[in-house]
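Chemist: pasting the structure only:
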């Protein structure tokens, strides 16, 4: 077993009588409308994010040491697996839940995409503020096995997205929390395995994702989403998947 292969203004509507039901209109547009207008506490998120290691420190040296070690010892199979997480799509959590999310739980699939969107926007702001260059821009000996990106390195956007998505899904179906978080962790780890992010970028993204998910889950929009009959029906589908039938997340 190899552990490194583990694998969206509705407030006024709520005040006026409730959020729009998704059950009678099960499409992405309804979900996006439900999640539209969420404002997150930027100070709380910035505090959770922290700072990258200062250049020249032992922590910064350790960041590079880990990347060089991974670069020397990653296998073609490891590299191929990182490409599975290149897109940020909830369908990657299907393996943890035992269903095809896009086909069998389309409201939950679209809901996660929509609710993480405001956090993704804040994450992008933080990236620009910190402005940490990518590893391969700091040292040409780093050879990434995923596409090079022009955005800053800290925090890792994939780590933020995958951790937040895993936490939201775990809030919906806590019985699968361990499996969901394992997939979320791999979505971030892939970025370090392939040298497009420092380990500290991934760790910061995981902190930001977890903090962002807590803020999102405290909103009336998320509660309305959870309680919608259409979403509840999809959760029943997930709960009916026997635990013993779930496939392994590692191999």
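Modeler: Yes, it's here. Model, not experiment: these values are computed from the prediction. Residues are numbered from 1 along each chain as shown.
Chemist: all helices for the chain, in order.
Modeler: Listed in chain order, the helices found in the chain under DSSP state H are 11-15, 28-35, 42-49, 58-73, 76-83, 94-97, 101-104, 106-130, 135-138, 157-172, 177-193, 199-217, 220-227, 229-239.
Chemist: list the buried ones in the fifth one?
Modeler: Spelled out, it's helix 76-83. Going by neighbour count (16 or more other CB atoms under 10 Å), the buried part of helix 76-83 is 78, 81-82. For glycine as for every other residue, the C-beta is placed from the backbone atoms N, C-alpha and C.
Chemist: Remind me what that helix packs against, helices and strands.
Modeler: Where contact means 3 or more CB pairs under 8 Å, 6 or more residues apart in numbering; DSSP states H and E, helix 76-83 is packed against helix 177-193.
Chemist: Is residue 237 in contact with residue 101, as I believe?
Modeler: No - counting by CB atoms under 8 Å, residue 101 is not a contact partner of residue 237; they are 10.1 Å apart.
Chemist: okay, those two: which has more neighbours?
Modeler: residue 101 (24 against 14; other CB atoms under 10 Å).
Chemist: The more buried one against residue 110, yeah?
Modeler: No - assessed by CB under 8 Å, residue 101 is found out of contact with residue 110, at 9.6 Å.
Chemist: if we can go back for a sec, name the stretch from the helices of the chain that approaches residue 149 most closely.
Modeler: Closest to residue 149 of these, according to CB to CB: helix 157-172, at 9.0 Å.
Chemist: Run the angle between that closest one and helix 177-193 for me.
Modeler: 180 degrees (axes from the mean of the first three to the mean of the last three CA atoms, to 10 degrees).
Chemist: how deep is residue 219 tucked in, by neighbour count?
Modeler: Applying other CB under 10 Å, I find that residue 219 has 20 neighbouring residues.
Chemist: residues in contact with it?
Modeler: residue 38 (CB atoms under 8 Å, 6 or more residues apart in numbering).
Chemist: related to what we said a few turns ago, between the buried residues of helix 76-83, which is closest to residue 142?
Modeler: Nearest to residue 142 among those, with distances taken as CB to CB, is residue 82, at 14.6 Å.
Chemist: from memory the closest one sits against residue 146, does it?
Modeler: Yes - in this structure, residue 82 is within contact of residue 146 by CB under 8 Å, at 5.9 Å.
Chemist: quick one: common contacting residues for the two?
Modeler: Going by CB under 8 Å, 6+ apart, residues that sit against residue 82 and also against residue 146 are 190-191, 194.
Chemist: Residue 47: which of those residues is nearest?
Modeler: Nearest to residue 47 among the shared contacts of residue 82 and residue 146, with distances taken as CB to CB, is residue 191, at 22.9 Å.
Chemist: Quick check: closest non-adjacent residue to the closest one.
Modeler: residue 197 (4.0 Å; CB to CB, 6 or more residues apart in numbering).
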